[in-house]
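Chemist: Sharing a sequence plus its predicted fold:
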Amino acid sequence: MQPVRLTSGHYIIIFFYAFTPFLYFLKPFEMSYPIISILLRIAEPLLILCLGVLLLRRFIRISKFKFDVYLICLILFSIYGVILGFIMNNEPRYIISGFVHILTGLLCYSYFKYEGAGEPVFALFMRHMVYITVPFYVFAIGFLYVSNKFLGTSYYIGLDCPILLLALFWFLQQKKAVYMLLIAGLIFLSGKRGILLVGILGTVFATFTYPFSKSLLYIRSALIVAVGIVVLQFSGVNVIDQISNSKVYEKVTSAANNDINFYSAGRLEEITSALDEWTSNPAKITFGSGLGFSYTFKYEDYSLPDDEDYHNIHFSPLNILLIWGAPISILLALLLATKFWELRGSLSGVLGIGRLTVISLLAYSCFVFNIFQEPMLWTLVGMFSALKNTASRVGIST
């Protein structure tokens, strides 16, 4: 029996998630040093380059290559979006940025689908992803709260950490309740709305579904949190003040005193502004606006001037509609629904962790610019597609 090993592609994805949190530390220096702006955006192109080379090597080695309908349609839609973007005179850098996001998802899906690894590799990959990347996020999120005390540098509390959703479900399935709640705490402290919402739902699901002692869970968790706060307080870091004065606290408490648009940081204004402009142009309804589209952002506060060159929307389903128009968007929605429906199955075991993570990352991806930009989502979709192909050849069910 051959030992289970991960491929270079697996380690590239792991390194991507372990490395990207540290790029966030460069953000305060972006305006002062132009090179920082390049570094902040280098992770995704490097990921595309590495996976592209690996995929090309694999295609060279195989004698027979089989495209699937899903992949062909996405490639064609991407090309159409780029061409339409240039026809509509959209800004080139936004066209390229949108295409790069789509290419990220396509390459992650393609590489891991055609790599064709089985369930043991799937399990090993998930384990490595959790135990290698989580310590990096613990350090990164902690650094955001102590940096002002030790370095005099303040950071916006909003670190993107979708991989913590995988860790949450990993410890959920392992019935390691304390670790699970500690991961949920990290998600809260990261300050991201989408991750926070999905993380809360996952924690609630775990608390009321899995058979561990809840009283012991709460005692242990409270003790760990209390000890951590005490240690930091004595080290000179006022954790209570840090949280109460942070963006995290503002995001959680603002709903009680403000409307949904304030709570969503203007997301609702984005949606209504984009829809107003899109529905006023029949050509855009039918053919779309292309990648890199812009629209006039209209503030609810009439004292603020409208932004006539606003790009993208923090709601990816609407982004799809505006990029490709209604007919192609309906076809794309059907393709995506079919692809994700193929992933259905048991929520137990390591494959269950993968399915829960896919559902969560898909929900999270609805509230970012592009549904294709989350590498882990499309990595898992590709791995599940590979498992399905293997199972269909040997006549078993996943």
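Modeler: Sure, I can see it.

Chemist: need the strands for the stretch 251-398 of the chain, in chain order.
Modeler: Along the stretch 251-398 of the chain, counting by DSSP state E, counting those that start in this stretch, strands occupy 294-297, 307-311.

Chemist: Any buried residues in the shortest one, and which?
Modeler: Translated: strand 294-297. By 16 or more other CB atoms under 10 Å, the buried positions in strand 294-297 come out as Ser294, Tyr295, Phe297. To be clear about C-beta, it is placed using only N, CA and C from the backbone, and glycine gets the same treatment.

Chemist: Figure out how far it is from the centre of its chain.
Modeler: Centroid displacement of strand 294-297 relative to its chain, using CA atoms, centre = their mean, to the nearest Å, is 25 Å.

Chemist: give the contact list for Gly85.
Modeler: Tyr94, Ile95, Gly98, Ser289, Gly290, Leu291, Gly292, Phe293 (CB atoms under 8 Å, 6 or more residues apart in numbering).

Chemist: To which secondary structure element is it assigned?
Modeler: Here Gly85 sits within helix 69-87, counting by DSSP states H and E.

Chemist: Pull out the buried residues from that helix.
Modeler: Tyr70, Leu71, Leu74, Phe77, Ser78, Tyr80, Gly81, Val82, Leu84, Gly85.

Chemist: How about stretch 268-283?
Modeler: Applying 16+ other CB under 10 Å to stretch 268-283 flags Leu268, Glu269, Glu270, Ile271, Ser273, Ala274, Glu277, Trp278 as buried.

Chemist: Would you convert those into CSV that also reports pLDDT and distance to Leu181?
Modeler: Shown next, in CSV, are these (pLDDT from 0 to 100; distance: CB to CB, whole Å):
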residue, pLDDT, distance to Leu181
Leu268, 77, 32
Glu269, 79, 35
Glu270, 81, 33
Ile271, 82, 34
Ser273, 83, 39
Ala274, 82, 38
Glu277, 80, 44
Trp278, 82, 43
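
Chemist: Please identify the helix or strand for the residue lying closest to Asn370 once chain neighbours are set aside.
Modeler: Closest residue to Asn370 apart from its sequence neighbours, by CB to CB, 6 or more residues apart in numbering: His101 at 4.0 Å. Using DSSP H and E, His101 falls within helix 92-115.

Chemist: And the next helix or strand past that helix?
Modeler: helix 119-150.

Chemist: Pull out the buried residues from that next one.
Modeler: Residues of helix 119-150 classed as buried: 119, 121-126, 129-130, 133-134, 136-138, 140-141, 143-145 (neighbour count, 16+ other CB under 10 Å).

Chemist: how far off helix 92-115 does it point, in degrees?
Modeler: 140 degrees (axes from the mean of the first three to the mean of the last three CA atoms, to 10 degrees).

Chemist: counting contacts, what elements does helix 119-150 pack onto?
Modeler: Applying 3 or more CB pairs under 8 Å, 6 or more residues apart in numbering; DSSP states H and E, one finds that helix 119-150 makes contact with helix 8-23, helix 163-173, helix 177-190, helix 239-244, helix 349-365, helix 375-394.

Chemist: Go again with 7 Å.
Modeler: Under the contact criterion of 3 or more CB pairs under 7 Å, 6 or more residues apart in numbering; DSSP states H and E, helix 119-150 touches helix 8-23, helix 163-173, helix 177-190, helix 349-365, helix 375-394.

Chemist: Let me know which of the ones you listed is tucked in deepest.
Modeler: helix 163-173 (a mean of 25; mean count of other CB atoms under 10 Å).

Chemist: returning to that earlier point: for the record, mean pLDDT for the helix holding Gly85?
Modeler: Averaged across helix 69-87, pLDDT comes to 91.

Chemist: go on, stretch 362-382?
Modeler: Averaged across stretch 362-382, pLDDT comes to 86.

Chemist: Touching it from outside, list them.
Modeler: 13, 16, 47, 98, 101-102, 104-105, 108-113, 162-163, 166, 194-195, 198, 312, 314-317, 319-320, 339-340, 343, 354, 357-358, 361 (CB atoms under 7 Å, 6 or more residues apart in numbering).

Chemist: Kindly format the C-alpha coordinates of that stretch as PDB.
Modeler: C-alpha atoms of stretch 362-382 as PDB (Å, rounded to 0.1, in the frame of the first residue of the first chain):
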ATOM      1  CA  LEU A 362     -20.400  29.600  -1.000                       C
ATOM      2  CA  ALA A 363     -22.600  31.700   1.400                       C
ATOM      3  CA  TYR A 364     -19.600  33.900   2.200                       C
ATOM      4  CA  SER A 365     -18.700  34.300  -1.500                       C
ATOM      5  CA  CYS A 366     -22.200  35.800  -2.100                       C
ATOM      6  CA  PHE A 367     -21.100  38.900  -0.100                       C
ATOM      7  CA  VAL A 368     -17.800  39.600  -1.800                       C
ATOM      8  CA  PHE A 369     -17.000  41.000  -5.300                       C
ATOM      9  CA  ASN A 370     -16.800  37.800  -7.200                       C
ATOM     10  CA  ILE A 371     -18.100  34.300  -6.500                       C
ATOM     11  CA  PHE A 372     -15.000  32.800  -8.100                       C
ATOM     12  CA  GLN A 373     -12.300  34.600  -6.000                       C
ATOM     13  CA  GLU A 374     -12.200  32.200  -3.000                       C
ATOM     14  CA  PRO A 375      -9.500  29.600  -3.800                       C
ATOM     15  CA  MET A 376     -10.500  27.100  -1.100                       C
ATOM     16  CA  LEU A 377     -14.100  26.900  -2.300                       C
ATOM     17  CA  TRP A 378     -13.100  26.000  -5.800                       C
ATOM     18  CA  THR A 379     -10.300  23.700  -4.600                       C
ATOM     19  CA  LEU A 380     -12.900  21.700  -2.700                       C
ATOM     20  CA  VAL A 381     -15.400  21.700  -5.600                       C
ATOM     21  CA  GLY A 382     -12.600  20.300  -7.800                       C
END
